[in-house]
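**Student:** Dropping a prediction and its sequence here:
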Amino acid sequence: MNLPHEPDHTVTFNIKKIHIQALIITVASIVVGAVLMAFFHLESGFEISFWNFFLWAVLYTALIILHEVFHLIGFMIWGKCKRSDLVYGINRELGVAYAGTKKVIVNKAMKKALLLPFWMTGMLPFVIGIWLNNSVLMIVAAFLIGGAAGDFSMYNQLRKIKKDAFILDDVNEPKLYVYNKNPSVFN
């Protein structure tokens, strides 16, 4: 990646650690969801069947795509990015879907864009799944909540940086470059 100049700070992430956190968050979310469903509905909404598994797989795939789309929407709304500034895809080597921007954005905008998918594809379907006593939706949402572990990790690191710092997302590696002043020229 061509950087305009040496960043003031580089934040790197351990993907293996994030995968473990994702698994823990997913399992914990499923347990919490199951307890809440039992508490509110006094009956089990869980049923194991081929169709429920198929529905889970379809919803999971759709929500992963939406998760990344919401990142892109966040970059466009809060980061003032153009469509040509956005990058997205699947990094098979790291085993993750990704959405990012080639444009530098302000830290407070980056933090908002990082958490938007958690709320829209994780928490909202999770609450709806519990409300409707729909275990498939609740479990899919729990996987998306766990899948936001990388976003949580980035958010926690960015909380330590001043809100008006400038952030450049590395589109190839799990890194963020931090600039205290807006770099004026980008390649």
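**Tutor:** Right, received. Where do you want to start?
**Student:** Which neighbouring elements make contact with whatever helix or strand Ala97 lives in?
**Tutor:** Assigned by DSSP states H and E, Ala97 belongs to strand 96-101. Packing partners of strand 96-101 (3 or more C-beta pairs under 8 Å, 6 or more residues apart in numbering; DSSP states H and E): helix 50-77, strand 86-91. All C-beta spots, glycine's among them, are computed from the backbone N, C-alpha and C.
**Student:** show me the contacts for Ile77.
**Tutor:** Contact analysis of Ile77 by C-beta atoms under 8 Å, 6 or more residues apart in numbering lists Ala113.
**Student:** quick one on the thing from earlier: on contacts alone, who are the packing partners of the helix or strand following the strand holding Ala97?
**Tutor:** In the C-terminal direction, the helix or strand that comes right after strand 96-101 (DSSP H and E) is strand 105-106. Contacts defined by 3+ C-beta pairs under 8 Å, 6+ apart place strand 105-106 against strand 166-169.
**Student:** The helix or strand just after the strand it packs on pairs with which strands, parallel or anti?
**Tutor:** Following strand 166-169 in sequence order, the next helix or strand is strand 175-179 (DSSP H and E). Strand pairing for strand 175-179, determined by DSSP bridges: strand 9-12 (antiparallel), strand 166-169 (antiparallel).
**Student:** Good, we can wrap up now.
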